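*Asks:* sequence isn't available, so here's the structure alone:
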């Protein structure tokens, strides 16, 4: 391919289809699709089960601090550590293609992770009186659990970066799925021995990601080979923009339950719990989005490899259409069946409007995420950071202006903020395409690993 060294094809070998003369009669799934899909499924099911187990053990009011910990953890950890996972995986994949050891790269990213974790933990400590009083209702134990959980997800994300960059997708799936499985096992054990306070459950959430990391490390699946020294440009070319975008994107997808908890009156604890469970159910289409993405990934990668920009554009258009269709079906399903499902699963009552608005906000976020990935694939990292920032700022402003009703103001803010981000990405994508931007191997890797949603 002109100017791209045949797209550095080996650096994305697990993403690209075979050539025409080598292609079998049936197109194979990309390497790693099945184990990673299984890991995602296990993590997703474990998330729904966790909410049920926690509520049964602690009651609706007692589960509130644990739910608050959950959404705060997944607003912080993926936001700060997903970019490190992306850049580590990209750099290791590139070195692997050139038969170079990746240990110097992994060492540099580890130092970055430790530094970033330290900075965030210091910030949390400095803000701890404000966070504890306004978010955890004075519960300092849950604040400590939040800090521990944030710290624990640093090695989890770095392990995922190592395993994906080295092509060890079974190990990647173990790190991903073990988190949810261990969390459920620990919580069931705590419930079985009669624990009725949120603190121990909070620490179970905090330490659960470490078990999968320990397992793959014990099996030597995090090993990297010695190689040429790595300079910072090798691991941080887009880290700043990825970090800003990821922090804002992860904050936005978890902003609804966080805002509801902060804005709720003292006697609305049960409402906050119900709202969080509605948000969790509204994310089901996002799981489907990941499956659709995996199915379309080989073709889009091949088109990028050949620099067939028109076809690449059409492929992403198809992806957006499918994602939009899934979102529409999900929104209609939430309106018709949402209240029934959430009542049967969690024994809470949420109206049709609430379920439909949550599903619509999730659908718009999903389309925005697809467009953001397209912009990243065209090396528009800064534009993606700006778009997610616009979305997060819009959420804060709309929540402030949308009136006193707790649910309605957050629902409207979720829809409008996701729409604002979507529009920003659509404009950015149009500008990049008209400017003749072309995908590169590295930008494609970053685009398809840009999922700021944890389960």
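*Replies:* Received the coordinates, thanks. Please read all numbers here as calculations on a predicted model, not as lab measurements.

*Asks:* drop to CA atoms for contacts and neighbour counts, all remaining ones
*Replies:* OK.

*Asks:* can you list the weak-confidence ranges in this protein?
*Replies:* For the chain, applying pLDDT under 70 flags the ranges 1-34, 36-37, 287-309, 312, 441-442, 445, 448-455.

*Asks:* okay, now the domains of it?
*Replies:* Domain ranges of the chain: 30-237, 238-455, per automatic domain parsing.

*Asks:* take the ones you listed and lay them out in TSV including mean neighbour count.
*Replies:* Output for the domains of the chain, formatted as TSV (neighbours: other Cα atoms under 10 Å):
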stretch	mean neighbour count
domain 30-237	20
domain 238-455	21
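
*Asks:* quick one: name whatever helix or strand follows the longest helix along the chain.
*Replies:* Counting residues, the longest helix found in the chain (DSSP state H) is helix 33-97. For helix 33-97, the following helix or strand on the C-terminal side (DSSP states H and E) is helix 103-126.

*Asks:* and that following helix with helix 33-97, angle?
*Replies:* On the basis of axes from the mean of the first three to the mean of the last three Cα atoms, to 10 degrees, helix 103-126 is oriented at 120 degrees to helix 33-97.

*Asks:* how close does the closest residue to residue 38 other than its chain neighbours get to residue 359?
*Replies:* Excluding its sequence neighbours, the residue lying closest to residue 38 (Cα to Cα, 6 or more residues apart in numbering) is residue 173, at 7.1 Å. Using Cα to Cα, to the nearest Å, one gets 27 Å for the distance from residue 173 to residue 359.

*Asks:* next: residue 257.
*Replies:* Counting by Cα to Cα, the gap from residue 257 to residue 359 is 14 Å.

*Asks:* before we move on, what about residue 58?
*Replies:* In terms of Cα to Cα, residue 58 sits 27 Å off from residue 359.

*Asks:* same check on residue 146?
*Replies:* Note on residue 146: its distance to residue 359, by Cα to Cα, is 27 Å.

*Asks:* same deal with residue 155?
*Replies:* As judged by Cα to Cα, residue 155 and residue 359 stand 32 Å apart.

*Asks:* circling back: please name every helix or strand in contact with the helix or strand harbouring the residue nearest to residue 38.
*Replies:* Counting by DSSP H and E, the element that carries residue 173 is helix 169-192. Judged by 3 or more Cα pairs under 8 Å, 6 or more residues apart in numbering; DSSP states H and E, helix 169-192 is in contact with helix 33-97, helix 140-165, helix 198-218.

*Asks:* ok, and what's touching stretch 105-118?
*Replies:* Stretch 105-118 is touched from outside by 80-81, 84, 88, 91-92, 150-151, 154, 158, 162, 224, 229-230, 232, 234-235, with contacts defined as Cα atoms under 8 Å, 6 or more residues apart in numbering.

*Asks:* still on that earlier bit, chain center to the longest helix of the chain: distance?
*Replies:* Relative to its chain's centre, helix 33-97 lies at 7 Å (Cα atoms, centre = their mean, to the nearest Å).

*Asks:* what's the angle between the helix holding residue 173 and helix 198-218?
*Replies:* 150 degrees.

*Asks:* quick one: helix 169-192 to helix 140-165, angle?
*Replies:* Here helix 169-192 runs at an angle of 160 degrees relative to helix 140-165 (the same axes, to 10 degrees).

*Asks:* from the chain's centroid, how far away is stretch 108-127?
*Replies:* Put simply, stretch 108-127 sits 19 Å off its chain's centre (Cα atoms, centre = their mean).

*Asks:* typed the wrong thing, it's stretch 216-233
*Replies:* On Cα atoms, centre = their mean, the centre of stretch 216-233 falls 24 Å from that of its chain.

*Asks:* could you do stretch 433-446 as well?
*Replies:* The answer for stretch 433-446 is 22 Å, by Cα atoms, centre = their mean.

*Asks:* quick one: residue 410 from residue 272, how far?
*Replies:* According to Cα to Cα, residue 410 stands 11 Å off from residue 272.
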